[in-house]
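[1] Just to be clear, the model below is a prediction. Sequence and coordinates:
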Amino acid sequence: MGHQANLGNLGVQLFFVLSGFLITRILLSLKDRYVTGVTDRRQTLLSFFLRRAARIWPIYFLTLALVFAAGDRFEHRSDMIWHALFASNFLFFRRAEFGSTLSHFWTLAVEQQFYLLWPLLVLYVPQRHLEKVILVLILVAPLTRLALYTAGFTDFAQYNVLPLANFDSLGFGALVALWSRIPVMEANGRWRTLSLSAAAALLPLVAQTFVPLPANLAQTLYAVVFAWLIAGAREGFTGVVGRTLESVWKLTDGHFSAADCRPWRRVSWPRRHRSWLRSRARGDASGSSTRMCARPPSGAAELRSSFGGLIGG
């Protein structure tokens, strides 16, 4: 893959930032239930792990079974145990290359390892110290990549695939989730800092397209920008950014057909989903994303109403 993050890796890091945000938000909600005595810590952890397993494991292990049945065509059978244990990233680190059709499984491995560590950290670390711990992990991530790179582990499959090497992306997403739960007056300064940091990151990101940073250090800068985008999408963009997005949306008015707004006419949806889709197309209160097909939002507040439900509230 080389030393410079390509578009594929950018997509992975955006996925990590979003995952850090969503998983931390889920865990903080579960922590509230534990703190208030609704559930105990064991039940909280068990609930989280079972839900993660139910979402990922069935299709994951079905894929591995099919790959195993194909022999060595897609992956060495002798190495399939690494993937089965969600240790694909350590396998590729050991190889010093991906060399596999399952190369993208390193991201799933990092995610699963994150799922093992993060619930313990969020649930056991006092809330007043959680922000400090996340900031330390964010700092450790680029230092880990740089340390591995300077130690001779110069392939992307080595310096960029370990869990600690990706905690800048996961951590910035976690910060957005944490800051969204603190009092507004206390959070305002943090949001301003994030916005200024994202703006400051743009110049070195442009520069590194000509002079690439070693050890994919640009990943941390991208993580700042992605965290700002997720925070903005959650709250709704205002100011210049909001007006720009609103103008872009208005320019696209009239380019959506009725079929775009009523997908069940083109797709054979299961019967139990059809009434749900129709209710959103009619413009029910919970169907804001579908109402956008009828006309463009008339202002920043309506943009916030339309898009806010996609990421949070």
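    All right, it came through fine.
[2] What ranges does the stretch 151-300 of the chain have for its helices?
    Remark: helices assigned in the stretch 151-300 of the chain by DSSP state H, counting those that start in this stretch are 156-159, 167-179, 184-207, 218-235, 239-251, 258-261, 271-281, 288-291, 300-311.
[3] How confident was the prediction at Tyr34?
    Residue-level confidence at Tyr34 comes out at 86, pLDDT.
[4] Please verify my assumption that it contacts Leu123.
    Yes - counting by C-beta atoms under 8 Å, Tyr34 sits close enough to Leu123 to count as a contact (6.7 Å). C-beta coordinates here come from the backbone N, C-alpha and C atoms, glycine included.
[5] Give me the common contacts of those two.
    Overlap between the neighbourhoods of Tyr34 and Leu123 consists of 41, 44, taking contacts as C-beta atoms under 8 Å, 6 or more residues apart in numbering.
[6] Where does the residue of the chain positioned farthest from its centre fall, secondary structure wise?
    In the chain, the residue that sits farthest from the middle, by C-alpha atoms, centre = their mean, is Gly71; the gap is 33.0 Å. Take DSSP states H and E as the rule and Gly71 turns out to sit in neither a helix nor a strand.
[7] Pretty sure it sits against Met80.
    No - with contacts defined as C-beta under 8 Å, Gly71 does not count as touching Met80, sitting 10.8 Å away.
[8] and stretch 149-169, how far out from the chain's middle?
    When distances are taken as C-alpha atoms, centre = their mean, to the nearest Å, stretch 149-169 is centred 19 Å away from the chain's centroid.
[9] Neighbours of Phe21, how many?
    Residues lying near Phe21 (other C-beta atoms under 10 Å) number 26.
[10] in terms of contact, does it touch Val176 like I think?
    Yes - in terms of C-beta under 8 Å, Phe21 counts as a neighbour of Val176; the distance is 4.9 Å.
[11] any common contacting residues for those two?
    Taking C-beta under 8 Å, 6+ apart as the contact rule, Phe21 and Val176 both touch 227, 230.
[12] Start and end of stretch 208-217, how far apart?
    Length of stretch 208-217, first residue to last, C-alpha to C-alpha, to the nearest Å: 10 Å.
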